[in-house]
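# Fold the following for me, if possible:
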Amino acid sequence: MKNSVPSITAALALVTCVAAQAQTMQVSPNGSRASMPGPAETFTGIVTVTPLFTGNEHSNASGGLVEFTPGARSHWHTHPAGQTLIVTAGTGWVQEEGGEKIAIKPGDVISTPPGAKHWHGAAAESSVSHIAITPVRDGSAEWLEPVTDEQYR
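Next up, the predicted model:
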């Protein structure tokens, strides 16, 4: 029996240690995150950005809901670790430098590889919204020149 006491003590210490490290779920209620206008230094037209989540000890990605009014768009930009967009409403465009504009609609998922120069935004006659998930590595984005009206058309 004497030998089992240290084993029980060790087992209890392990359970206590695991319980102390256990994480709890966190809920961020809708409406609790402040929306902000997309800055003119990185967007053309009226854009609203609502943060959804930021990186933490479990993930280096951040996410946000980005809403574009008709004709609004991002400037050309790149992401050091890539980006995933999930279109939630409306109709819009994405374009990688040197490629054709591609129409996007709800349910479409766009995966942009690290370093690819691109832009995205609403169609001229429709708003578009998407969730942007962006891993962070050496920053989250490098913003470049605006998309010209000619490039947009």
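
# Residue 101 is in contact with residue 95, isn't it?
Yes. Using Cβ atoms under 8 Å, residue 101 is in contact with residue 95, at 4.6 Å. From N, CA and C alone the C-beta is placed, and that goes for glycine too.

# Look at those two and report which has more neighbours.
residue 95 (19 against 16; other Cβ atoms under 10 Å).

# Checking my notes, the more buried one in a strand, right?
Yes. Under DSSP: H, G, I helix; E, B strand; the rest coil, residue 95 sits within a strand.

# What's opposite it in the beta bridge?
residue 119 (DSSP bridges).

# Provide a list of residues in contact with it.
Neighbour list for residue 95: 101-102, 118-120, 151 [criterion: Cβ atoms under 8 Å, 6 or more residues apart in numbering].

# Please repeat the previous calculation with a cut-off of 10 Å.
When contacts are counted by Cβ atoms under 10 Å, 6 or more residues apart in numbering, residue 95 is found next to 73, 76, 101-102, 117-121, 147, 151-152.

# how about the strands of the chain, start to end?
For the chain, strands defined by DSSP state E occupy the ranges 36-37, 43-44, 47-53, 61-68, 73-74, 77-78, 83-90, 92-96, 102-104, 109-112, 118-122, 128-135, 142-143.

# could you list every residue that touches the most centrally placed residue in the chain?
Closest to where the C-alpha atoms of the chain average out (Cα atoms, centre = their mean) is residue 133, at 2.2 Å. Residue 133 makes contact with 52-53, 59, 61-64, 82-86, 109, 111 under the criterion Cβ under 10 Å, 6+ apart.

# Nearest spatial neighbour of residue 139, chain-adjacent residues omitted?
Sequence neighbours aside, residue 80 is the residue nearest to residue 139 in space, at 6.1 Å (criterion: Cβ to Cβ, 6 or more residues apart in numbering).
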